[in-house]
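Colleague: just coords:
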């Protein structure tokens, strides 16, 4: 390797300064504000209140804890319902399938749509009285399958997962496809000669070789899931009642009501959860890669 | 070596070009600034009539408003304003359930529109806008102040300072509008005046396959009207309740009458009298539901009858009665309404002032009224405006004893209550779905009011 082709270390100084000023510093300031009574009427006078905001979060009758649990639940389930189908779709679309580029485009398209548009479309589709989905079920004489998709407590989360998967599967699939294309076909040919079936190849070739793509998808999915806001806001706005409130919708409401200190405390909790889980996953997956 | 020299020369040339570009822009700006100062100077020396109407040519006035507060009724007036002053108006209409959040975020972020609206009441400027001295243009002494009736000024002023302009109608707001023809056909000849009578009528209507009470829960702001519009009944049950709530010597939690009303509401919900999926239903289809006779009644403004007939062409007769939850027979007196304010951080303060004056001229007021299918009148001090009162409204108003019109509705008669309108609505839905109790709903309102009181430093909550 030519030595003069390696960039000097001082190249990192500029981005590091930008990162520190525009990301690190505001984040740390946010943590500081979470220990204050900063609110809409503070007018520059902000008092240190210790962990009062955190006590409020875990003891108030607002049930912020349910918001935290819902956030974690969403992160877990939304990743499962996206990752597994996306993996199989990617495998399917890697094969010599007629029109596979067309299918790849179709699956990827929803992920470029804005959440607001998706929310408006799906609110209309999922309307109980005259929505497209229930009307179609009625037309097919499947009335027993009609649901109050966005207002029944037993169904509403499933609707959110469904819409989220519809939007996100194509994106996850594309990352898997990139990973799959990097696996030499000779591995599969050798396995076939040895008599391996589809699941053997999946277990012993595809999954181990896809560790990098899985890590990327998991980290992206994890951060997306933990900071989920748009899809919930546009579909249910945290309702019916408070059934689909997540950390960010609560934080948004609290901020809008003028309790900025409390809002930053909620965001700090989210920041901590994201950091801990992110570090754990990256560390675990890195070990897996090294082990292989 | 030669290549390096080329690169160096190219870099220098590009740097010079970049600086030259910046220089030109700066010069352009200066020229523009010079032009404008010249214009200002020449305007100042013009005749008094021209000076009274300064030139705003090319400026843009942005207006931030919740859906339903301006609708199309201001379109013609805005078009005339644009034509008169050679300006453009950017109307930013936000869905009702998101408006409060958007407004607060933009106020706090210093990116608010030139004109913004709030649902104002005598406490709202301090509790909703909060930092009104920093956010609102002070209009004290404006000519248009005399157009706003005394009762409405309380929602536009703090102390002696005038901040808002409220142009709203004076019709009965959010009472029960019902299909009189349908009621008669079903053998219901008297309107219900108690909850028991309402329930019996709902039984009859539902048995005929019709949704008794259209309630659009998905809007997020309508269903709680059934609780708050009947404030007089709570005051009747506990005399002095409003004062006690404002002095923090009483709470919503544990109030027997409020619990009774919430439980009645849930009973109607459980029986399906609000429709099969009222929580997921929005109001967009309400007129059609009435027109198709799928529903028999709904909470609406009295003037909605006129709009309903125009929109659907129905020949049915409609009437009004008071919301009978909690056996209420009190009129929903309410000096509140959507109110517009000028944003102090605007770069077009004179244009904002011109807009406020413009909408208060007789021509504009008449235009706003005439372009409002849901208005029959506009509550202003201007005898030249031609009002269009409905017979049904006058009959209804005449039927109510004046003593039942004294107590204002709960949301505007008590401090900090209206600030948590949407939260209370969400809690009511949670109660109907069994995830909260009625007393928890009320206790949440107490807790929320305490937060607002603490933020505002209200001495009663210290």
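Modeller: Structure received. Computed from a predicted model, the values in this text were never measured in an experiment.
Colleague: can you tell me, leaving aside adjacent residues, what's nearest to the residue of chain B found nearest chain A?
Modeller: Going by C-beta to the nearest C-beta, chain A is nearest to residue B:430 of chain B, at 2.9 Å. (Glycine included, C-beta is placed from N, CA and C.) In this structure, residue B:430 finds its nearest non-sequential neighbour in residue A:241, 2.9 Å apart by C-beta to C-beta, 6 or more residues apart in numbering or on different chains.
Colleague: for that neighbour, helix, strand, or coil?
Modeller: Here residue A:241 is recorded as coil under DSSP: H, G, I helix; E, B strand; the rest coil.
Colleague: buried stuff in the helix or strand hosting residue A:135?
Modeller: Using DSSP states H and E, residue A:135 sits in helix A:132-139. Using 16 or more other C-beta atoms under 10 Å in any protein chain shown as the test for burial, helix A:132-139 gives A:133-134, A:137.
Colleague: elements contacting whatever helix or strand the residue of chain B closest to chain A lives in?
Modeller: Here residue B:430 is covered by helix B:421-432, with elements defined by DSSP H and E. Where contact means 3 or more C-beta pairs under 8 Å, 6 or more residues apart in numbering or on different chains; DSSP states H and E, helix B:421-432 is packed against helix B:225-228, helix B:256-270, helix B:438-456.
Colleague: now do that helix: distance to the chain's middle.
Modeller: 19 Å (C-alpha atoms, centre = their mean, to the nearest Å).
Colleague: now do the buried residues in it.
Modeller: Per 16+ other C-beta under 10 Å, helix B:421-432 contains these buried residues: B:421-432.
Colleague: same thing with stretch A:33-49?
Modeller: A:33-40, A:42, A:46, A:49.
Colleague: closest to residue A:125 out of the residues you listed?
Modeller: Set against residue A:125, the nearest of the buried residues of stretch A:33-49 by C-beta to C-beta is residue A:40 (37.9 Å).
Colleague: list the contacts for residue 72?
Modeller: You didn't say which chain, so I picked chain A. Counting by C-beta atoms under 8 Å, 6 or more residues apart in numbering or on different chains, residue A:72 makes contact with A:226, A:273.
Colleague: I was after chain B.
Modeller: Residue B:72 sits next to residue B:371 when contact means C-beta under 8 Å, 6+ apart.
Colleague: and what about it, helix, strand or coil?
Modeller: Of the three states, residue B:72 takes coil under three-state DSSP.
Colleague: kindly tell me how buried residue 231 is, as a neighbour count.
Modeller: You didn't say which chain, so I picked chain A. As a burial measure, residue A:231 scores 23 neighbours (other C-beta atoms under 10 Å in any protein chain shown).
Colleague: chain B, not that one
Modeller: 25.
Colleague: with adjacent residues omitted, what lies nearest to it?
Modeller: Nearest to residue B:231 is residue B:410, by C-beta to C-beta, 6+ apart, at 3.4 Å.
Colleague: the residue lying closest to residue B:138 once chain neighbours are set aside: how many residues sit nearby?
Modeller: Distance criterion C-beta to C-beta, 6+ apart; nearest residue to residue B:138, sequence neighbours excluded, is residue B:161 at 5.4 Å. The local packing of residue B:161 (other C-beta under 10 Å) involves 15 other residues.
Colleague: then the one 4 residues further on?
Modeller: By the measure other C-beta under 10 Å, the count of residues near residue B:165 is 25.
Colleague: just residue B:313 next, same as before
Modeller: Neighbour tally, residue B:313, other C-beta under 10 Å: 8.
Colleague: any weak-confidence spans in the stretch 1-150 of chain A?
Modeller: A:1-5, A:43 (pLDDT under 70).
Colleague: what parts of it come near chain B?
Modeller: When proximity is defined as C-beta under 8 Å from any C-beta of the partner chain, the stretch 1-150 of chain A approaches chain B at A:39-41, A:43, A:60-62, A:127-130, A:148-150.
Colleague: mind putting the residues you listed in TSV, secondary structure and distance to residue B:175 included?
Modeller: Converted to TSV, the residues of the stretch 1-150 of chain A next to chain B look like this (DSSP: H, G, I helix; E, B strand; the rest coil; distance: C-beta to C-beta, whole Å):
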residue	secondary structure	distance to residue B:175
A:39	coil	37
A:40	coil	35
A:41	coil	36
A:43	coil	42
A:60	coil	36
A:61	coil	33
A:62	coil	33
A:127	coil	28
A:128	coil	28
A:129	coil	25
A:130	coil	28
A:148	coil	29
A:149	coil	33
A:150	coil	30
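Colleague: widest-spaced pair of those?
Modeller: Pairwise over the residues of the stretch 1-150 of chain A next to chain B, using C-beta to C-beta, the maximum falls at A:43 and A:130, 49.6 Å.
Colleague: residue A:205 against residue A:189, yeah?
Modeller: No: judged on C-beta atoms under 8 Å, residue A:205 makes no contact with residue A:189 at a distance of 10.7 Å.
Colleague: more neighbours: those two, which one.
Modeller: residue A:205 (17 against 10).
Colleague: list the contacts for the residue of the stretch 151-292 of chain A found nearest chain B?
Modeller: Closest approach between the stretch 151-292 of chain A and chain B, counting by C-beta to the nearest C-beta: residue A:241, at 2.9 Å. Residues near residue A:241 by C-beta under 8 Å, 6+ apart: B:426-427, B:429-433, B:435-436.
Colleague: ok, which stretches of the stretch 201-350 of chain B are helices?
Modeller: For the stretch 201-350 of chain B, the helices defined by DSSP state H, counting those that start in this stretch occupy B:225-228, B:231-237, B:241-246, B:256-270, B:286-291, B:304-312, B:349-359.
Colleague: ok, and the closest non-adjacent residue to residue B:288?
Modeller: Closest to residue B:288 by C-beta to C-beta, 6+ apart is residue B:312, at 6.7 Å.
Colleague: quick one on the thing from earlier: pLDDT at the residue nearest to residue B:430, what is it?
Modeller: For residue A:241, the pLDDT comes out at 93.
Colleague: bridging residues for residue B:295?
Modeller: Bridge pairing for residue B:295 (DSSP bridges) gives the partners residue B:211.
Colleague: since we're on it, how many residues are nearby?
Modeller: Counted by other C-beta under 10 Å, the residues lying close to residue B:295 total 24.
Colleague: pretty sure it sits against residue B:289.
Modeller: Yes: using C-beta under 8 Å, residue B:295 makes contact with residue B:289 at a distance of 4.6 Å.
Colleague: now for the two: what residues contact both?
Modeller: Joint contacts of residue B:295 and residue B:289 (C-beta under 8 Å, 6+ apart) are B:211, B:214.
Colleague: bridging residues for residue B:118?
Modeller: Bridge pairing for residue B:118 (DSSP bridges) gives the partners residue B:339.
Colleague: wait, is residue B:189 part of a helix?
Modeller: No: with three-state DSSP as the criterion, residue B:189 is coil rather than part of a helix.
Colleague: counting contacts, what elements does the helix or strand encompassing residue A:269 pack onto?
Modeller: Using DSSP H and E, residue A:269 maps to helix A:260-291. Applying 3+ C-beta pairs under 8 Å, 6+ apart, one finds that helix A:260-291 contacts helix A:25-33, helix A:52-59, helix A:64-94, helix A:211-226, helix A:247-256.
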